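>>> sequence and computational prediction follow.
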Amino acid sequence: MSGCRSFVPTLEAPDRFPPGRFSLQRGDDDWFWSLGSRHGLVLILNRPTNQLLVWDPVTCDKHWIAVPPGFECDSDSPIGGAVLRYAVDDHHFLVALVSTTEKQDHTRAIASAYLSETNTWSDIISTPLPPASESRFQLQAEDLPPFECPTMIYCSIPAVLVGDSLYWWLRDSSYNILQFDLDRDCLTVIPAPVDLYDSDIHFSVMRADDGGLGFLFVSKFSVQLWKTKVIL
């Protein structure tokens, strides 16, 4: 995100919002990266300052939070995040962060949760990641030199909230899924139910109608829909 991001009001008075209501200004040295939005809140990472911004575009409320030690904003490790309210009408919110440890060659995933009610981060938890493997693109091009593809958070796709858990895709040769259980405060790597070595496969993670975790896979003219049950 660079410059000013804003919306253009289209409704007539009295339903018309002021033009600057949904605008977010940034400084010349800021580098904003949107981590996701939920429950009317937007979570933004400002890498140069090692800060997170929780922004309510309707009320214009802004909450700046320092990224906890252990998360390397100035490294090549992607940081995934999510924000959610305790309840729809609650002013308090929770921020979850996940990443991989570059100092350990991306062999572990780490996570921590921030509670606005106490203004504190939880202790960082971690879990082993699948080992680095040959890039799936290399497998289809024999003329490419060998190189390893480390496992990292796939931050281009926002986290999916199912029950008390958040889910992110892991970017590796097989696309596993990282589960952050907020209630139990634990991390788990879940294998994808379909082999994703084929580069023609398009996929999506979603919340299923019954409250479980859903997977949609599209390959050429074939569509597969999978879902898992949440075990309480």
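Here it is on my side, so go on.
>>> give me the mean pLDDT for the helix or strand Leu94 falls within.
Here Leu94 is covered by strand 93-100, with elements defined by DSSP states H and E. For strand 93-100, the mean pLDDT works out to 95.
>>> buried set for the following helix or strand past it?
Remark: after strand 93-100, the chain's next helix or strand is strand 108-115, criterion DSSP H and E. Buried positions in strand 108-115, judged by neighbour count with 16 or more other Cβ atoms under 10 Å: 108-114. The way it works is simple: take the backbone N, C-alpha and C, and place the C-beta from them, glycine included.
>>> lowest-confidence entry in these?
Across the buried residues of strand 108-115, the bottom pLDDT score, 88, is held by Arg108.
>>> ok, that residue - contacts?
100-101, 126-129 (Cβ atoms under 8 Å, 6 or more residues apart in numbering).
>>> of the residues you listed, closest to Leu53?
Thr100 (22.6 Å; Cβ to Cβ).
>>> other SSEs contacting the strand or helix carrying Leu161?
Here Leu161, judged by DSSP H and E, is contained in strand 160-162. Judged by 3 or more Cβ pairs under 8 Å, 6 or more residues apart in numbering; DSSP states H and E, strand 160-162 is in contact with strand 165-171, strand 201-207.
>>> most neighbours per residue, which of those?
strand 165-171 (a mean of 22; mean count of other Cβ atoms under 10 Å).
>>> what pairs with the helix or strand following that one, and is each one parallel or antiparallel?
Following strand 165-171 in sequence order, the next helix or strand is strand 177-181 (DSSP H and E). Sheet pairing here is set by DSSP bridges, and for strand 177-181 it gives strand 165-171 (antiparallel), strand 186-190 (antiparallel).
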